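In: here is my input; please provide its structure:
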Amino acid sequence: MSPDSTSPTQPVPNDSPRKQGIPKDTTVLVVEDNVSNFVLIARLLGFIGIHCEWKTSGYEVVEYADTLTRLDLILMDIHLPYEDGYSALNKIRSSERLKSIPIIAVTAEADQEQINKARAAGFNGFLGKPINADQFPDQIRRILNGESVWEISYEGR
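Out: Numbering: from 1, shown residues only. Below is the predicted model of the structure:
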């Protein structure tokens, strides 16, 4: 699977309880340079019926996001090659079409200091790595319903 391809997620029936509260055709852009992390996120999103797209760097993320017919959420790793998540956030916020899309910081450097830095930079939320597979679907539902989610995962710590 190439870094710019869609994930191989299986559709979930619209009446599935897993999809409860998720609008039909929801699309999430995952900006993540680690393949294993992306695969986990893509599978968890697919489990709740969400289509995702993938970029491996903040570089050209605005141009790519502009090509998407629908975009509901961006999950942005902070530590990316070529251009980090903070620079990409600033570019996205300067795009008229994309400036209102919720952007969630996702990082393994997950502590209160990083949450404060992400909040000050203008992120709409924060998810610490490792992603907690049990909590992630609910976190995404809450974010898509307009709730602010600022959480550090303690799974595996």
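In: least trustworthy helix or strand in this structure by mean pLDDT?
Out: Sorted by mean pLDDT, DSSP states H and E, the helices and strands of the chain end with helix 61-67, the least confident at a mean of 93.
In: so which elements touch it?
Out: When contacts are defined as 3 or more CB pairs under 8 Å, 6 or more residues apart in numbering; DSSP states H and E, helix 61-67 packs onto strand 27-31, strand 51-55, helix 85-93. Quick note: C-beta positions are derived from backbone N, CA and C, even for glycine.
In: need these in JSON lines (columns: distance to Glu113).
Out: Formatted as JSON lines, the helices and strands packed on helix 61-67 follow (distance: least, CB to CB, whole Å):
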{"stretch": "strand 27-31", "distance to Glu113": "22"}
{"stretch": "strand 51-55", "distance to Glu113": "26"}
{"stretch": "helix 85-93", "distance to Glu113": "14"}
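In: so for Asn132, which of these sits nearest?
Out: strand 27-31 (16.4 Å; CB to CB).
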